Every structure is written in structure tokens, then in C-alpha cells.
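Asks: Got a predicted model here, sequence first, then my questions.
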Amino acid sequence: MRRLLAAVTVLVAVAVTGCSGSPRDAGKGGPAPSAPSPYVKTAWDAVQERVKPDGTVDAATALAAFSVAVAPLPGVPQVSGPRRAAGSGTAAVRWLTRHWKALTPAQQDAARVALEGGVGGTGGDAVRRRGPNAECHRADSEEGAAYRPQLDKALGILTGKVGHTMRNRPTIVVNTRNLEGDAVAYAVDCVARTGATGGCTIHLNPVLLAPGYTAEGVWAVIVHETMHCVLMDKFKGAYAAPWIEEGFPEYAAAAVAGPSEVTDDEWQIYLATDIGRLFQRTYTAIGFYAMLAHNGVDVWSRIFPIFAAYLKGHHDDAFHAAVGDGSVLDNWGPSYAMGRRPGSPWTITGAGAPGGGADVVTAAVPSGGTHTVKSPAQATHLELLRFGAEVIRFSPSAGARGKLGPAGEADRALDSLGGTSFCTRPGGCSCPEGSPGAGREFVTLASEAYLGVTGGLRDASVGVAGLSLEQACGEPDSCLVGDWRGTGVRWSIPDIGLRGSGAAGTRLVIGADGRYTMTLEGAKPATISADIVSMRATYHGAITGTVGKDTLAADKGPWAPTAVSLGKAAVTITMTSPLQRTLYTRTPISKVVQDVSGANGAAGNVPGAVAATYTCGEDTLTFTDPQRIATWSFARG
């Protein structure tokens, strides 16, 4: 048992050494950033904001969506906010059918009346859809036949772009009356009594065909709904998250039909909500796909892999299918500038993108002040920074992607900023002879710059610190500051025969302000054995903290961090011998530490859980825990 506990303890210690302390406030100085201009939120927008962070929609949201977009349902509270026509109500219909069993009999009856009572024409024999037998037609209605040429044109364009041959021919009908909701159209995936997909029917509400909608708007709606039919045909009616299932048809509508009143509102919302999480978006994901396309990604060839990846795995897999090697993420944040800065990364073109965007958040960085540009996971953020300090230093978090765009200067990748002292002083910066910073190199920087950042699937940030030249010259260069890549850890406890190695691929980014991020995600597994007990650990997430100026100033000594956060850091530990057994699965490291500490009687018995000693060389950095059991090694950049 002692060997088992020791093995688990060491596997946890590999991640927490030097990573514990008491929390404190981070950041100071500088006025609060200015907020972007708000957009007018409608009832339909408010419903879409209820999509959960993981992209799922609960029954209450499905009921609310249907009540707003299609028709009121009994017992469903009214959603506050102004009303506007929703280009497509397909999401509302699809969400409701997924929660059909959760509806009361009265709600089911009302939904049937709404979906069937407004359908007219002689569309031939109906094919019934599971759930609320929404009427599907084997032929176009008399009124819908007028739009058959546009439907066929849309089918030809879309199937050609995505490389798909339709198994079933979509039909189109015009409802005899406007259902009371906001939707101007919706598509229904038709399921025959045999259970096989029987086609797709596009329903146009008369409001779409009345004065007020342009020909471009009607064409965009038909393209959007036709894209739904293509996806339903390819994936046999399977459901994907709204950012895929609604976001891509909205992109298709704008990419094929061009700018129109149908997609303008979604663009406005997208550009006003850079910190909006992608997985919670619906129609406003139009901007994400347009950003990919603008940067050379063939989104048409990727939509099927994106959809399939979601069905096979989940959001993360679909996201990776969308962004490929991830290099396009460097331009996600900058794209929100929408032409305010010259250069392709700083705008989006095509797919009906407007000529400008929402107001950009601005922030001042004075001498002695700090500011942090933060991006939530699955999102991005753009700010315009105005530097009032003579010297500026940046501290990107591990995994941060994006660009710095100084006025009148070339773009700089975020991963090139750490460890560099930038000078905004006219005439340049130099430290006097005899000062601790004598001989330090400064890089010229304009007095203002755009900074766009994202972490992709993770939170990301860039710390910005402003110093006077006197302050900067009063500090010696720090060996620690920079980007370090883990080459692995080795440890042993000879008296019980414990030994192990692994965990190469961690990343440690230490900023000039002492803040650091240690990213565990993506590192190779660590293995450890003690007598007959063998284990393997895989680490997840990241750990953040801060070290003081004394630590930064020295090439070796104690590493005693404060403001440590284990965040979502977790570990999966599997016993590989003498039994095959998983002991922990993506369990928070703090929980594993607690379990092991309780078994041993005290938290202090966890090796390296409080502090470490370090030695920093020109290209190497090593940490050793207080018990000298383990040594962690890093190589610069």
C-alpha cells in the first residue's frame, strides 16, 4: 500500500510542484476598458443566448424558441424583447422535436396545429415526420412551385460545393397563413413510416413574400433552408450543435446569395460579441465560417467532416476539423478589427461581411500600470491598447494565439512577445552604464496597437505591463522570463525502489511581471513503478501563478509562487501492473492531492506541493522538489 500511495503522490507532484499558494488580486492601474457599442437584443436573440456552454438546448429553451419563432405554446412564458423576423425557424422546429416527449399534451397539440394548420396547397401524399407529424410533401405546393427554379439552383450550387448527390428531392411549399412567430421559413426533415429519411420540405411563410423583403433576401432564405436539406440528406436527419447546424447554413446563404437583410443582423451581433463562445452561437456563427474562408480555409469541403466529427465525438472534435492545424486562429481575434488596420488578418471579406464592425474595446497602459487582454475558451477578443508608459512588456499565456498590430509597424505574433522589452519613447531607450539593465536591448513599439487573442478551446490572455525607463533599467535581465518547453521529469525514491519518467511536452511561459502559466494538456504520459506496482498518468489543463521580483532577478534559488490557481488542471491515472485499473479519470489535481494527503496524514507529505528550487541557464531550466525526489527539465522556446 505504501508503494501505491507513493506512486500516486509522485504522479500528482509532477504537476503541482511549485504551483501552490494563496490567491491574491492580479493586475493594477489603468482605467477600466471602454465597452463596445451594444446591439439591440430581440426576443429571438435572447432565446439563442440560452444555448448552454456545451451547445446543448434544454426543453425550456426549445419551447421558448418555438413560441418565438413559430407559434405560442400553452404554459410557455413570453420572452421579453422586441420582435424581428427570424430568417430561419428550422432550429426552433428541430429543437422542439428533440424534446417532444417532454411537452404536455396541450403543447403537442398546439405544435401540431402550428406546423400543419398553416400548410396549404396540393402537395401530394404526405410523408410524416417522427414527433409532431409536421407535414412533409412529396411534391411542391401550387404556390411553392413558383420557387422551384430557385430551389433547384440552390441545390445545384450547394451540392456541387460540398460534393454530395442527393438521395431525396426536397420539396417547397408556401404556408397559407403566417404562423404567429417570427420565422419567415423553416425546413422539416421528413421521415417515412419505414423510419428511413424520406426527404425534406421547405416551408415559406407568406410574410417572406410580402413587400418588405428584397429578392436577395428571399434568395438567401431559400439557400439557407436548402443547405439544411442537404445536411439532412447527408446525415439522415441527425442533429448537430447549433453553431454547426444553423451557423453553416447562414454562412452558405450569405456566401451564395451575397449581402441581404436576412444575414445583416447576424453579422451585427457576431461583430459585437467577440467574447461570445462559439459553441453557444447559432446563426451568428456565420462570422466564424466567414473568417475561416477569408483566411484560405475551404469551409465547403470541411462542413461534412465538421458535422461527422461532432456526431462521432463532440464539439472539440468538430472544432479541430474546422480549424485544421490551428494556424488560422492567429487571425481570429485580429479579424474583428474589420479593416481598421491594414492587412488581411485584420478584416473579413465575403459572405456578406459588412464594411465595418462594432466599436473596439480600448484600454490605456500607463507607467506603473498593468492590463490583461482576456479571451474566454471557444472565443476571441480584440482590444486597442494605448501605451502611456515608456517601456511595455507582454506576458502571453500558454496556448495564446493571435497578433499584435502596432500602428505603422508590422504585425507581431503573440508567441514572440514574451521576454522582450518594447520602447515607445521617441528617440529610443537605453539603460545607463552601471545600471542593472545596462546593455539591455529594446524593441521600438508604436504608442498604440491592436491586440487580438484566442486560446481556441481554452481560456487565453495577454498581460501588459507599463514601466518607466528608469524602472526598466533598474531591473536586471531575468533568465526565467520566456517560453519554456518541458523535456521531461525524472524521479526516484531508492528505499522503496520507486522510479519514473515522462511528461515531456509541457509548456511553461513566464512573463516579465512574474506571472506564469504551465500548460499540462498535450504532454506525453508519465510512467512510474515501485516494485510490482506500475502506473501511467496523463495530465490535462493548465496551472497559473506568480513569482516575485527576487525570483525573477536570480538565476537560481527558491521557487515560491503565490496566487496559484489549479483551474481545470486534472490527471488521469491508470494502474498498469499488477492489475489493469483506472484510478482517476480527468480528476482535478486538487482532489487527487486531497485523497493522497488524507491517506498519508498531512498535505505537506505530498512531495513538491509547496515549493521547489530552480536553476536557470541560457537555454535550460530545471526544478527540484524539496525532498530531491524529482527533477523537471525545460528547454527554452
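Replies: Received the coordinates, thanks.

Asks: in which helix or strand would I find residue 591?
Replies: helix 589-600 (DSSP states H and E).

Asks: oh, I was asking about residue 60
Replies: helix 59-69.

Asks: Give the other helices and strands that the next helix or strand after that helix contacts.
Replies: Sequence-wise, the next helix or strand downstream of helix 59-69 (DSSP H and E) is helix 90-98. Applying 3 or more C-beta pairs under 8 Å, 6 or more residues apart in numbering; DSSP states H and E, one finds that helix 90-98 contacts helix 59-69, strand 185-191, helix 242-245. The C-beta positions use only the backbone N, C-alpha and C, and glycine is treated the same way.

Asks: All the helices of the stretch 251-400 of the chain, residue numbers only.
Replies: 261-272, 286-294, 299-312, 315-323, 332-335 (DSSP state H, counting those that start in this stretch).

Asks: Out of the ones you listed, flag the one nearest residue 542.
Replies: Among those, the nearest to residue 542 by C-beta to C-beta is helix 315-323 (15.8 Å).

Asks: Just the buried positions in the closest one, please.
Replies: 315, 317-323 (16 or more other C-beta atoms under 10 Å).

Asks: outside of that helix, which residues touch it?
Replies: 54-55, 240-241, 244, 278-279, 288, 292, 297, 299, 302, 305-310, 329, 378, 456-457 (C-beta atoms under 8 Å, 6 or more residues apart in numbering).

Asks: ok, now with 10 Å
Replies: Helix 315-323 is contacted by residues 53-56, 240-241, 243-244, 248, 278-279, 288-289, 292, 295, 297, 299, 302-313, 326, 328-329, 332, 378, 401, 456-457 when judged by C-beta atoms under 10 Å, 6 or more residues apart in numbering.

Asks: picking that back up, which one of the helices of the stretch 251-400 of the chain lies closest to residue 495?
Replies: helix 315-323 (43.0 Å).

Asks: Could you check the angle that closest one makes with helix 299-312?
Replies: Calculated by axes from the mean of the first three to the mean of the last three C-alpha atoms, to 10 degrees, helix 315-323 forms an angle of 170 degrees with helix 299-312.

Asks: Could you tell me how far residue 323 is located from residue 421?
Replies: Separation of residue 323 from residue 421 (C-beta to C-beta, to the nearest Å): 33 Å.

Asks: where's the dip in pLDDT among the buried residues of helix 315-323?
Replies: Among the buried residues of helix 315-323, residue 315 carries the lowest pLDDT, at 88.

Asks: In this structure residue 189 contacts residue 234, no?
Replies: No - Residue 189 lies out of contact with residue 234 (C-beta atoms under 10 Å); the separation is 11.2 Å.

Asks: What is the helix holding residue 60 packed up against?
Replies: Identification of packing neighbours for helix 59-69 by 3 or more C-beta pairs under 10 Å, 6 or more residues apart in numbering; DSSP states H and E yields helix 43-48, helix 90-98, helix 105-117.

Asks: For residue 150, find the nearest of the ones you listed.
Replies: Between the helices and strands packed on helix 59-69, helix 90-98 lies closest to residue 150; by C-beta to C-beta that is 17.3 Å.

Asks: As CSV, could you dump the C-alpha coordinates of that closest one?
Replies: Extracted in CSV, the C-alpha atoms of helix 90-98 (Å, rounded to 0.1, in the frame of the first residue of the first chain):
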residue,chain,number,x,y,z
THR,A,90,-35.6,25.4,-38.6
ALA,A,91,-33.7,25.4,-35.3
ALA,A,92,-36.9,26.0,-33.3
VAL,A,93,-38.6,23.1,-35.1
ARG,A,94,-35.6,20.8,-34.7
TRP,A,95,-35.1,21.6,-31.0
LEU,A,96,-38.8,21.0,-30.3
THR,A,97,-38.9,17.6,-32.0
ARG,A,98,-35.9,16.5,-29.9
